[in-house]
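In: Sequence below, structure please.
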Amino acid sequence: MSYRHEQLSEEKVFKDPVHRYIHVRDRVIWDLIGTPEFQRLRRIKQLGTTYLTFHGAEHSRFSHSLGVYEIVRRIVENFKGKPNWSEDERLLCLCAALLHDLGHGPFSHSFEKVFDLDHEDFTREVVLGDTKVHDILSKVDPNFPQDVADVINKTYPNKLVVSLISSQIDADRMDYLQRDAFFTGVSYGHFDMERILRVMRPMEDQAVIKESGMHAVEDYIMSRYQMYWQVYFHPVTRSAEVILTKILHRAKELFHSDYIFKLAPTHFISFFEKDVSLNDYLKLDENVAFYYFHIWQEEDDQILADLCRRFVDRDLFKYIEFNPGNQYRELMELKDCFMEAGIDPSYYLEVDSSSDLPYDFYRQGEDEERLPILLQMPNGELKELSRQSDIVEAISGKKRTDHKLYFASDLIDQLPEDSDIKRRIREILKG
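Out: Next up, the predicted model:
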C-alpha cells in the first residue's frame, strides 16, 4: 500500500472538549502531528493575550489545528459519493486543514505587526522548506507539498477544496468560534455545527448550504459577530496587546542604539535586523518570549523594565473612547502634555482601532475572499445568503469600527496634585 493510502493499524483518538473526539486513521496525518514544527503549536496560544481578560483562554494553536482537521474530516466523509467531489482530494484537504496555522509566531498578530511579518509566508516556508513536515508530505508525492501550500495560500485550482479551509463559512472559523467560546466561558460562539455539516453540499467552486439549513447559518454569522466584539476586540485584551507591542518596539529601539542588555535579546536579533530565517522563526515561541519579558523587568532601561513588569503582572493601561479623526487636536495636545510631564507618549499613550465586517458578498473588484455563502434551493437554484435571510441582510457589508485611547493612568496619578500639566491631562481625558 502506498504511503498516501496507508492506514494506522488502530485508529488514534484525541479527547477534545469541543468535538468530543478527534479521529486519526491516516498514517500521513499521524506522522505530521508528531513533527517538531506541528508540536511547536502547543507553545503558541490561540488567543494571544486574551488570557489576561478571560483566564481560561490558555488553549493553543495545536488544539485549534486538530479541531479544524476534524471538521474537514467530517465534511469530506459526508461528501463521499456526491457529485463534484473527488476522493483524490481527500488527503490534501486533511493535510491543509491540519497545517494551515503552522507559521504563527508568538502572540500571533501583535508580533507580526511589530516586525512586519506574515504568518502565511512562514506556513508556506515550513511546508516547502527543509523541515520534517516537508519530508512527510514529499513521501506522498513530490508535488504534494506544493499542493498543500497552494490550498493554504488559496491558489489551488480546485476552489471547492480551498473553500473548506478559507471562506466565509469554513472549518477554520467553525472551530475557533466554538473553541474560543468554550475556553473563554462565553455563550456567544455556540451554533449548530452538526446541522451545518449535514446540509453542506459540494459544488464546482465552493461548498454550499441547503436552504433548509439557513437558520443554522444565520446563527453562525451572528455568533461570529458577537465573538468579535465581546471577546476578540475586548478592550482589556487590546490594552495587553498595546503593552506587548510597546515592549517589542522598545527592545528593538534599544538594540539599534548603544544600549547593552543584561540579557541579550539573542532570539530576537534576526527579527530586529529584518533577516529572519525559518530556523530563527521556529525557535521563538511564547515560552521563550515570556522568559525574556520576565528577565527584562530587571533591565536598566526604565521604560523596557516597566513595560515588561506591566505585562507580566497584568498592570495594564486604562482606556477611554476616543475617535482620532474627530479628536486629533486633543491627541496632539495630550502628547505634548505627556512630554512636558516626563512621560514618553511613544510608550505610554496609544490609539488603538478595531474593525470587523461580519458578512459580505462578493463585489466586483473587491477581495475575492468574500465570496458569498450560497444557499441551494429545493429546485437546485443557488441564492446568496443575504437575499434570503433578513437577519444577514441587516448586517451585510456593514463595517463596524471601534477606537480606544490607552494610557498609563498611574503615571499621571503620580504627578504633583497642584501640577497644571496633571490638571490639563485630566481635562482632556474627561473630554
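In: Let's verify residue 21: helix, strand, or coil?
Out: Applying DSSP: H, G, I helix; E, B strand; the rest coil to residue 21 yields a three-state assignment of strand.
In: Hmm, I typed the wrong one, I wanted residue 263.
Out: coil.
In: now residue 342
Out: Strictly by three-state DSSP, residue 342 counts as coil.
In: Return the alpha-carbon coordinates of stretch 396-404 using PDB.
Out: What follows is stretch 396-404 as a C-alpha-only set of coordinates in PDB (Å, rounded to 0.1, in the frame of the first residue of the first chain):
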ATOM      1  CA  SER A 396     -24.200  42.500   5.300                       C
ATOM      2  CA  GLY A 397     -21.500  44.900   4.100                       C
ATOM      3  CA  LYS A 398     -21.700  46.900   7.400                       C
ATOM      4  CA  LYS A 399     -18.200  47.500   8.800                       C
ATOM      5  CA  ARG A 400     -18.100  48.400  12.400                       C
ATOM      6  CA  THR A 401     -15.100  50.300  13.800                       C
ATOM      7  CA  ASP A 402     -14.200  51.000  17.400                       C
ATOM      8  CA  HIS A 403     -11.500  53.400  18.700                       C
ATOM      9  CA  LYS A 404      -9.900  53.500  22.200                       C
END
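In: any idea where the strands of the stretch 151-300 of the chain begin and end?
Out: Using DSSP state E, counting those that start in this stretch, the strands of the stretch 151-300 of the chain run over 200-202, 207-210.
In: Is it correct that residue 352 falls within a strand?
Out: Yes: counting by three-state DSSP, residue 352 is part of a strand.
In: surely it meets residue 240?
Out: No: using Cβ atoms under 8 Å, residue 352 is not in contact with residue 240, being 11.0 Å away. (Glycine included, C-beta is placed from N, CA and C.)
In: of those two, who's got more company?
Out: residue 240 (23 against 20; other Cβ atoms under 10 Å).
In: pLDDT score assigned to the more buried one?
Out: For residue 240, the pLDDT comes out at 97.
In: One more: residue 354?
Out: Reading off the model, residue 354 has pLDDT 86.
In: surely it meets residue 401?
Out: Yes: with contact defined as Cβ under 8 Å, residue 354 reaches residue 401; the gap is 7.1 Å.
In: of the two, who's got more company?
Out: Taking neighbours as other Cβ under 10 Å, residue 354 and residue 401 compare with residue 354 leading, 16 against 9.
In: Please give me every residue in contact with the residue lying closest to that one once chain neighbours are set aside.
Out: Excluding its sequence neighbours, the residue lying closest to residue 354 (Cβ to Cβ, 6 or more residues apart in numbering) is residue 233, at 4.1 Å. Going by Cβ atoms under 8 Å, 6 or more residues apart in numbering, residue 233 touches 354, 356, 402.
In: ok, back up a step: deepest of the strands of the stretch 151-300 of the chain, which one?
Out: Highest mean neighbour count among the strands of the stretch 151-300 of the chain (mean count of other Cβ atoms under 10 Å): strand 207-210, with a mean of 22.
In: all helices for the stretch 201-350 of the chain, in order.
Out: 214-227, 235-255, 269-272, 278-283, 286-295, 302-313, 328-340, 345-348 (DSSP state H, counting those that start in this stretch).
In: now what about the fifth one, what contacts it?
Out: Right, helix 286-295. Contacts of helix 286-295 (Cβ under 8 Å, 6+ apart): 43-45, 106-107, 247, 251, 262-263, 265, 267-268, 308, 311-312.
In: got the angle between it and helix 302-313?
Out: 120 degrees (axes from the mean of the first three to the mean of the last three Cα atoms, to 10 degrees).
In: Of all the residues in stretch 282-293, which ones are buried?
Out: Using 16 or more other Cβ atoms under 10 Å as the test for burial, stretch 282-293 gives 282, 284, 285, 286, 289, 290, 292, 293.
In: That one: how far from the chain's middle?
Out: 18 Å (Cα atoms, centre = their mean, to the nearest Å).
In: Alpha carbons only: can I get it in PDB?
Out: This file holds the C-alpha atoms of stretch 282-293, laid out as PDB (Å, rounded to 0.1, in the frame of the first residue of the first chain):
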ATOM      1  CA  LEU A 282      10.600  28.400  14.600                       C
ATOM      2  CA  LYS A 283      12.900  28.800  17.700                       C
ATOM      3  CA  LEU A 284      10.900  31.700  19.000                       C
ATOM      4  CA  ASP A 285       7.700  30.600  20.700                       C
ATOM      5  CA  GLU A 286       5.700  32.200  23.600                       C
ATOM      6  CA  ASN A 287       7.600  30.300  26.300                       C
ATOM      7  CA  VAL A 288      10.900  31.800  25.000                       C
ATOM      8  CA  ALA A 289       9.400  35.300  24.600                       C
ATOM      9  CA  PHE A 290       7.800  35.300  28.100                       C
ATOM     10  CA  TYR A 291      11.200  34.300  29.500                       C
ATOM     11  CA  TYR A 292      12.700  37.500  28.100                       C
ATOM     12  CA  PHE A 293       9.800  39.600  29.300                       C
END
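In: Format the strands of the stretch 151-300 of the chain as a markdown table; extra columns: mean pLDDT and distance to residue 92.
Out: Below are the strands of the stretch 151-300 of the chain laid out as a markdown table (pLDDT from 0 to 100; distance: least, Cβ to Cβ, whole Å):
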| stretch | mean pLDDT | distance to residue 92 |
| --- | --- | --- |
| strand 200-202 | 97 | 14 |
| strand 207-210 | 96 | 15 |
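In: low-confidence ranges in this structure?
Out: For the chain, the stretches flagged by pLDDT under 70 are 360-370.
In: Show me how the record splits it into domains.
Out: 3-232, 235-354+403-430 (automatic domain parsing).
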